[in-house]
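Below are the sequence and a predicted model; questions follow.
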Amino acid sequence: MKNYPEIVELNKNSKLKYKLGETNLNIFKKNKEVFETINNFMSFDFYLPNRVERTRKICFYGFPTDEDKVCLASYYTQTPEDNVYGINVGMSITDAEEKLLLFGYKKAENCFVKGVIKIKFVCKEKFKDEQYDLLLIKDRHNVLNDEERFLLDEKKASFNALKNKITGIEIELQSKYLGKRLY
């Protein structure tokens, strides 16, 4: 990965359980970790501890092209112990964006890009609260009393704060698909 200073920089300035560019597919077995594999044509995907309860998803695929040796090229985490440039789960999107811009990343549609690295943030989009839903319905019909208005305002504030918090981070090395290999 020496040819890609952005990968070296990310690994150096981040605290990830596994380093991007790692070529050893047996790193989980060595660490005696529980994992589940998913068979794909073009990648080796590992869900830790399993697909349902996953806190991490790690993918090995050919990089820099699909015909090259496989390496750890995709890392998804919901674990607060992991961080990318000091950005971790629970941090606000605004603060995270500022940090990535300081490291030279460019904002694309729904991600940040620097060289071959693409970083996406996942935020909670749904707020499941029956009381909140009922208050919203009452609010549309303008039948809220003062106490309910206060409660609705509090819940809206907590929902907006929740929408701005990172619940997952995905880092990918963008590989070129040459399409010459049969999978």
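Structure's in. What do you need?

Could you list which residues are in contact with residue 89?
Contacts for residue 89 (C-beta atoms under 8 Å, 6 or more residues apart in numbering) come out as 77, 78, 79, 80, 82, 166, 167, 168, 169. From N, CA and C alone the C-beta is placed, and that goes for glycine too.

quick one: the closest residue to it other than its chain neighbours from residue 18, how far?
The shortest distance from residue 89 to any non-neighbouring residue, by C-beta to C-beta, 6 or more residues apart in numbering, is to residue 80 (4.8 Å). Residue 80 sits 16 Å away from residue 18, going by C-beta to C-beta, to the nearest Å.

try residue 56
8 Å.

Residue 53 too?
18 Å.

And those two? Which one has more around it.
For residue 53 versus residue 18, the count of surrounding residues by other C-beta atoms under 10 Å is larger for residue 18: 19 against 10.

Settle this for me: the more buried one is touching residue 76, isn't it.
No - the pair residue 18 / residue 76 is not scored as a contact, 11.5 Å apart, by C-beta atoms under 8 Å.

Quick check: neighbours shared by these two?
With C-beta under 8 Å, 6+ apart, residue 18 and residue 76 have common neighbours residue 58.

residues near the residue nearest to residue 108 when sequence neighbours are not counted, how many?
Of all residues not flanking residue 108 in the chain, residue 118 sits nearest, at 7.7 Å (C-beta to C-beta, 6+ apart). Counted with other C-beta under 10 Å, the neighbours of residue 118 add up to 17.

ditto for residue 55
Count around residue 55 with other C-beta under 10 Å applied: 17.

same deal with the one 4 residues further on?
Taking other C-beta under 10 Å as the criterion, the count of residues near residue 59 is 20.

Ramachandran angles for it?
phi -120, psi 130 (degrees, to the nearest 10).

any idea how far it lies from residue 156?
Counting by C-beta to C-beta - residue 59 and residue 156 are separated by 37 Å.

can you check residue 105 too?
Applying C-beta to C-beta to residue 105 and residue 156 gives a distance of 31 Å.

any residues in contact with both of residue 56 and residue 18?
The contact lists of residue 56 and residue 18 share residue 75, where a contact means C-beta under 8 Å, 6+ apart.

And stretch 109-121, end to end?
12 Å (C-alpha to C-alpha, to the nearest Å).

Which of the residues in it are classified as buried?
111, 112, 113, 114, 116, 117, 118, 119, 121 (16 or more other C-beta atoms under 10 Å).

Can you pick out the most distant pair from those residues?
Of all pairs drawn from the buried residues of stretch 109-121, the one with the longest distance (C-beta to C-beta) is 116 and 121, at 18.7 Å.

Much appreciated, bye for now.
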